[in-house]
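[1] Quick one, fold the following:
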Amino acid sequence: DNGAILKSTDFGESWVELYSSKTSCLLDIFFSDENYGTAVGVNGVILHSFDGGLNWAAQNSGTAEDLQAVSFINSNEGIACGLSGTILSTTDGGSVWTKNESRTTNNLRDISYLTDCSVSAVGWGGTILHSSNSSLVSVDDKIPFDVIPNNIYLSQNYPNPFNPSTTINFVIPSVELGHTPSLQTKLLVFDILGKTVATLINETKEAGTYEVEFNATSLPSGIYFYKLTAGDFVETKKMMLVK
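    Okay, the predicted model is just below:
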């Protein structure tokens with residue numbers, strides 16, 4: 001939170017704060033060696049250090065999407081991933097970041113080099129991407145019906161707390177009660193008094209993985225609830241809007 005970066009040199013017995021931007025939330029950090037490190041976070045922020053984390057400089061990512069993970073194979077070659085299928089790569093230590101075609105709009109959560117020319121990324125909906133040249137292509141962009149979970153699943157919104165928007169994911173399995181291939185589905189948002197403040201979904205949905213964005217720009221700070229109804233399935237989860 002607030003862009004804080006801390007470092008330990010005694011196996012975590014003590015920590016020293018090296019940096020804090022006071023503005024950006026950082027979501028991942030990676031050092032290719034004891035000197036070269038990169039951190040990524042919300043709104044496409046990328047920070048880079050050449051001196052073991054003592055000093056950090058912002059780099060231009062070219063995107064406003066939240067970046068969830070970053071990995072480097074050496075001090076020059078790195079790759080990052082984030083929301084909406086965002087993939088960025090660099091060959092010069094981050095001086096220039098280039099957007100790669102990922103062929104998915106699913107949120108990507110982690111990315112890693114397997115070898116110096118092989119990269120894999122994973123994300124929502126069972127997404128698995130793999131590349132042998134840092135330009136990732138989809139291995140399995142959507143969950144096949146035969147491996148969708150047997151039960152309907154509603155995830156916790158992310159981020160939470162949020163301002164002003166957050167993402168809600170849910171899964172409808174391929175076969176529900178009565179072997180129905182689709183279900184009447186509602187996704188509603190309520191305030192603390194039980195008043196409906198948003199209808200995000202109200203339609204028949206086929207089996208699959210779904211991602212819905214809730215924008216609360218017009219709503220005040222506070223606790224809200226979102227409820228998924230799909231066939232006989234009903235589940236409610238809590239989220240917090242902080243402005």
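
[2] which helices and strands sit right next to the helix or strand hosting residue 200?
    Taking DSSP states H and E as the definition, residue 200 sits inside strand 196-206. Counting contacts by 3 or more C-beta pairs under 8 Å, 6 or more residues apart in numbering; DSSP states H and E, strand 196-206 is packed against strand 165-172, strand 182-190, strand 208-215, strand 222-230. In this view, the C-beta of every residue, glycine as well, is placed from N, C-alpha and C.

[3] Turn those strands into TSV, columns for distance to residue 29, mean pLDDT and mean neighbour count.
    Compiled in TSV, these are given as follows (distance: least, C-beta to C-beta, whole Å; pLDDT from 0 to 100; neighbours: other C-beta atoms under 10 Å):
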stretch	distance to residue 29	mean pLDDT	mean neighbour count
strand 165-172	23	88	20
strand 182-190	33	91	17
strand 208-215	26	88	16
strand 222-230	31	95	18
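
[4] buried set for the strand holding residue 200?
    Neighbour-count burial for strand 196-206 flags 198, 200, 201, 205 (criterion: 16 or more other C-beta atoms under 10 Å).

[5] Stretch 33-51 too?
    36-42, 44-49.

[6] ditto for stretch 70-86
    Applying 16+ other C-beta under 10 Å to stretch 70-86 flags 70-73, 75, 77-83, 85-86 as buried.

[7] rewinding a little: widest-spaced pair of the buried residues of stretch 33-51?
    Spatial extent of the buried residues of stretch 33-51 (C-beta to C-beta) is set by the pair 36 and 42 at 22.7 Å.

[8] The helix or strand containing residue 130: partners in the sheet, and parallel or antiparallel?
    Take DSSP H and E as the rule and residue 130 turns out to sit in strand 128-131. Sheet pairing for strand 128-131, assigned by DSSP bridges, gives strand 118-123 (antiparallel), strand 137-140 (antiparallel).

[9] Where among these is average confidence lowest?
    The weakest mean pLDDT among those belongs to strand 137-140, with a mean of 49.

[10] Tell me the first helix or strand C-terminal of that strand.
    strand 153-154.

[11] Quick check: neighbours of that following strand in the sheet, parallel or antiparallel?
    Strand 153-154 has these strand partners (DSSP bridges): strand 165-172 (antiparallel).

[12] chain center to the partner strand: distance?
    Centroid displacement of strand 165-172 relative to its chain, using C-alpha atoms, centre = their mean, to the nearest Å, is 12 Å.

[13] Out of the buried residues of stretch 33-51, the closest to residue 229 would be?
    Using C-beta to C-beta, these come closest to residue 229 at residue 42, 31.2 Å.

[14] could you dump the helices and strands packed on strand 196-206 to JSON lines with distance to residue 59?
    Below are the helices and strands packed on strand 196-206 laid out as JSON lines (distance: least, C-beta to C-beta, whole Å):
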{"stretch": "strand 165-172", "distance to residue 59": "25"}
{"stretch": "strand 182-190", "distance to residue 59": "36"}
{"stretch": "strand 208-215", "distance to residue 59": "27"}
{"stretch": "strand 222-230", "distance to residue 59": "35"}
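
[15] Go through these and name the closest to residue 114.
    From the helices and strands packed on strand 196-206, taking C-beta to C-beta, the stretch that ends up closest is strand 208-215, at 25.1 Å.

[16] Check which helices and strands the closest one sits against.
    Taking 3+ C-beta pairs under 8 Å, 6+ apart as the contact cut, strand 208-215 packs with strand 165-172, strand 196-206.

[17] now the longest one: how far from the chain's centre is it?
    In other words, strand 196-206. For strand 196-206 - counting by C-alpha atoms, centre = their mean - the centre lies 23 Å from the chain centre.

[18] so for the helix or strand hosting residue 69, what's the average pLDDT?
    According to DSSP H and E, residue 69 maps onto strand 67-72. Summarised as a single mean, pLDDT over strand 67-72 is 96.
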